[in-house]
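Chemist: fold the following.
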Amino acid sequence: MLNIRFASRSDVDDILSLIRAKAEFDGCLHLLKAQEKEIEEAFFSQSPKAEAIVAEIDGKIIGIATFYAIYSTFVAKPGIWLDDLFVYESFRKSGAGAKLVKKLCSIARSRGCGRIDWIVARDNENGRGFYDSLGAQIFEEVRHARLDEFAIDRLIENW
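Modeler: Next comes the predicted model:
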């Protein structure tokens, strides 16, 4: 039986395992710095930075969606940024991914959100097909930009 629920503090090990598996899937495991302490602080502290919902089958966590609040000046409403959506490969045809997104849509509606945004890699054909099947728009012309910690420090020091 597939169940979708908000993650709890007791899920920290599973959350980190899923994040690690996603980093491997994305080919960037070498960039993963998160440890249990940071996950617990980020999701379950007095002032959490993000939230997570998990998919479980027979009590075993097999998928996750991590997200946080954003605001769109264009639609003048809050939104949700879907940071990570990941389901272990052996459970990808279980419907867990779609149910995680559906639950996220329910959360967005209950919070008065105007949209849910995320990034999908150009070479992730399965992911792109999955998101397309859900009715998501994929904007090819938009480019993701980032200042990492090093760039932030350099800009502050040299501006």
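Chemist: which stretches in this structure count as helices?
Modeler: 12-26, 36-44, 96-110, 125-133, 149-158 (DSSP state H).
Chemist: any chance of TSV for the ones you listed, columns mean pLDDT?
Modeler: TSV is the format used below for the helices of the chain (pLDDT from 0 to 100):
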stretch	mean pLDDT
helix 12-26	97
helix 36-44	97
helix 96-110	97
helix 125-133	92
helix 149-158	92
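Chemist: out of those helices, which is closest to residue 142?
Modeler: Nearest to residue 142 among the helices of the chain is helix 125-133 (14.1 Å), distances taken as C-beta to C-beta. Backbone N, C-alpha and C define where each C-beta goes, glycine included.
Chemist: next, count neighbours for residue 75.
Modeler: 11 (other C-beta atoms under 10 Å).
Chemist: before we move on, the earlier item: a markdown table for the helices of the chain, including distance to residue 140 and mean neighbour count?
Modeler: Compiled in a markdown table, these are given as follows (distance: least, C-beta to C-beta, whole Å; neighbours: other C-beta atoms under 10 Å):
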| stretch | distance to residue 140 | mean neighbour count |
| --- | --- | --- |
| helix 12-26 | 19 | 17 |
| helix 36-44 | 31 | 16 |
| helix 96-110 | 21 | 17 |
| helix 125-133 | 10 | 13 |
| helix 149-158 | 25 | 9 |
